[in-house]
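Student: What follows is a protein structure lacking sequence information:
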């Protein structure tokens, strides 16, 4: 057994451990800035009058806006036994259950949801996935986001 | 701002499995990376600090993966916008870095269509390539018609 696979096993005993929740209001200006930054042109994200006339009845957020709503902290985990020199973001998965609207207050809770140690051309690599559940002010689950990163020495 | 007309969106019946989406191409600028960093609150220096990026082995700053993700999803939503169908699930895999001032060339194909309990859904598989023809990003999207 290697240091990294031992560490992977140790992390697996922390699956489901949650980090601090973060709550944020979805502000009109923040949605507009985000939409502009990703090059969106659909007035659904910018124009209140236009959005009011759609089936949504108001401005909603673009599909990847959940990135701006994820809690900044991670679950508390044991320190790695090696110094990782490479850190890469590899995968994201979003599920959207109901639109997120301007004026919503979204609470995001991070949790360690998957740990995999793989051997690759860079030696042993540690893949970790953090999943965020996002609920609105009514306690309704609006979206989940699973974020996977890989690290190796 | 140009206001596109979304009345031209395809209907569920018109969409065919195997159908290719219209070609979609965007070229993020370095300024856009800074805008994105502020909008998402992501201040990883590899996205704005040239010397940091070079020390990390890159030729220069790299795009936020999430910016490419957003662009790839626009290849879908510019064709079938939220006014007509909800984006209910997406996934994205980052295979290699993408760089500002380089085109993101998106290619999408309808891979599945289903109708169950009144829910009409389609699935789309996408790739994003750089100008050298290398795939930088793969994505999947599930839409449900309103």
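Tutor: The structure has been received and is ready for your questions. As the structure is a prediction and not an experimental result, all values here were calculated from the model. Numbers count the residues shown, from 1 in each chain, chains lettered A, B, ... in the order given.

Student: Strands along chain A, start to end?
Tutor: Using DSSP state E, the strands found in chain A span residues A:22-25, A:86-96, A:105-120, A:123-135, A:141-152.

Student: Check whether the fourth one comes near chain B.
Tutor: Spelled out, that is strand A:123-135. No: for strand A:123-135, no contact with chain B is found by Cβ under 8 Å from any Cβ of the partner chain; the gap never falls below 12.1 Å. C-betas here are computed from N, CA, C, even on glycine.

Student: Below-threshold pLDDT in chain A: ranges please.
Tutor: Where chain A drops to pLDDT under 70, the residues are A:1.

Student: and the longest helix for chain B?
Tutor: Longest helix of chain B, by residue count under DSSP state H: helix B:65-77.

Student: Can you name the residues in contact with that one?
Tutor: A:37-40, A:42, A:62-64, A:67, A:89, A:92, B:21-22, B:24, B:26, B:28, B:32-33, B:36, B:40, B:42, B:87, B:90, B:92, B:94, B:98, B:104, B:106-108, B:124, B:126, B:128, B:136-137, B:139, B:141, B:143 (Cβ atoms under 8 Å, 6 or more residues apart in numbering or on different chains).

Student: before we move on, back to that, please convert the strands of chain A to a markdown table, extending it with mean neighbour count.
Tutor: What follows is the strands of chain A, written out as a markdown table (neighbours: other Cβ atoms under 10 Å in any protein chain shown):
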| stretch | mean neighbour count |
| --- | --- |
| strand A:22-25 | 14 |
| strand A:86-96 | 17 |
| strand A:105-120 | 17 |
| strand A:123-135 | 19 |
| strand A:141-152 | 19 |
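
Student: on that earlier part again, how far away from the center of its chain is the longest helix of chain B?
Tutor: From the chain centre to the centre of helix B:65-77 is a distance of 2 Å (Cα atoms, centre = their mean, to the nearest Å).

Student: Tell me the first helix or strand C-terminal of it.
Tutor: strand B:85-94 (DSSP states H and E).

Student: so what secondary structure elements neighbour that next one?
Tutor: With contacts taken as 3 or more Cβ pairs under 8 Å, 6 or more residues apart in numbering or on different chains; DSSP states H and E, strand B:85-94 sits against strand A:86-96, helix B:65-77, strand B:135-145.

Student: give me that answer again for 10 Å
Tutor: On a contact count with 3 or more Cβ pairs under 10 Å, 6 or more residues apart in numbering or on different chains; DSSP states H and E, strand B:85-94 meets strand A:86-96, strand A:141-152, helix B:65-77, strand B:119-129, strand B:135-145.

Student: Show me the one of these that comes nearest residue A:31.
Tutor: Of all these, helix B:65-77 sits nearest to residue A:31, with 13.0 Å by Cβ to Cβ.

Student: pLDDT of that closest one, averaged?
Tutor: What helix B:65-77 shows for mean pLDDT is 97.

Student: and the angle for it with strand B:119-129?
Tutor: Using axes from the mean of the first three to the mean of the last three Cα atoms, to 10 degrees, the inter-axis angle of helix B:65-77 relative to strand B:119-129 is 130 degrees.
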